[in-house]
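Undergrad: Starting from these lines, generate the structure:
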Amino acid sequence: MLKEMGYQEKIEWLKPWLVSIIEVVKKDLKQEHLMKDRGFCRRYFLGKGPHQVTSTEMAQAYATDIAAGNVGLGEFIATRWLIKNTDIYDFFSEQLQALNPDFDQLELLDEKLGLKLMEESVKAFGATRTYLFSVLNSVVFSSEIFKELRQLAEMETQKKLQQEEELLVEKNLEGLQKRHQREVQSLKEHNEKQLNGMRKKYLKDTELLKEQIRRLQSEKNG
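TA: You can find the predicted model right below:
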């Protein structure tokens with residue numbers, strides 16, 4: 001199935017994860033594409049320089065351009081992502097060579113073996129990386145395994161997003177707590193300064209009053 005799928009279709013399949021894919025290869029894209037293709041930048045980024053463009057903006061632009069027929073960009077993104085994920089490539093290569101030394105000629109993995117390979121990869125690299133690799137590298141899983149793997153990847157991605165949101169809330173809460181502590185400390189220091197000032201004034205006034213009393217007593221006695 002995937003062996004006949006082009007990069008245009010693969011990128012479309014992986015659109016929910018395209019931002020994370022771009023995150024991995026954005027340095028290559030900026031240096032080897034955006035720095036050279038000024039027309040692309042003007043068309044999609046409203047005159048922004050490559051260093052100013054976010055991964056989300058890049059993902060939107062590349063998805064649009066690839067969908068419009070720029071298959072070369074799809075191949076570039078896929079190839080660079082695979083190069084930066086050689087650990088999972090080595091794992092699949094080793095496992096598939098055990099089945100067939102010329103594993104590129106495999107048309108479809110046996111369901112039981114394919115499921116075992118998928119589960120071992122998910123355990124080692126996570127569902128999302130396994131799914132991205134399997135699509136970009138055209139692993140010959142059955143449609144059923146791909147369906148299950150995509151569901152696992154979606155669940156893993158959703159869980160990660162939820163964890164990131166919870167972490168953000170926690171960080172915001174910690175920030176509020178630290179801000180409150182700083183404000184309390186500042187108020188405490190301010191109050192202490194006021195109290196010290198009042199104490200000094202009280203002592204000074206007391207000494208002046210005592211001096212006046214002594215002077216009055218001296219005049220009375222004199």
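
Undergrad: My understanding was that residue 80 contacts residue 25; is that so?
TA: Yes. Assessed by C-beta atoms under 8 Å, residue 80 is found in contact with residue 25 at 4.2 Å. All C-beta spots, glycine's among them, are computed from the backbone N, C-alpha and C.

Undergrad: Between the two, tell me which one has more neighbours.
TA: Higher neighbour count among residue 80 and residue 25: residue 25, with 22 against 18, using other C-beta atoms under 10 Å.

Undergrad: so how far is the helix ranked longest in the chain from its chain's centroid?
TA: Determined from DSSP state H, the single longest helix within the chain is helix 143-221. Distance of helix 143-221 from the chain centroid (C-alpha atoms, centre = their mean, to the nearest Å) equals 31 Å.

Undergrad: Where does pLDDT dip in this structure?
TA: The model of the chain has pLDDT under 70 over residues 1-3, 172-174, 176-177, 180, 183-184, 187-188, 191, 195, 202, 219-222.

Undergrad: Show me what counts as buried in stretch 102-119.
TA: Buried positions in stretch 102-119, judged by neighbour count with 16 or more other C-beta atoms under 10 Å: 103, 109, 114-115, 117-118.

Undergrad: hmm, I was thinking of stretch 11-28
TA: Those buried within stretch 11-28 under the rule 16+ other C-beta under 10 Å are 11, 13-14, 17-22, 24-26, 28.

Undergrad: and those, which two are the farthest apart?
TA: Farthest apart among those by C-beta to C-beta are 13 and 28. That separation is 21.4 Å.

Undergrad: tell me which strands and helices the helix or strand hosting residue 28 is in contact with?
TA: Residue 28 is part of helix 18-29 when elements are defined by DSSP states H and E. Here helix 18-29 touches helix 55-67, helix 71-83, going by 3 or more C-beta pairs under 8 Å, 6 or more residues apart in numbering; DSSP states H and E.
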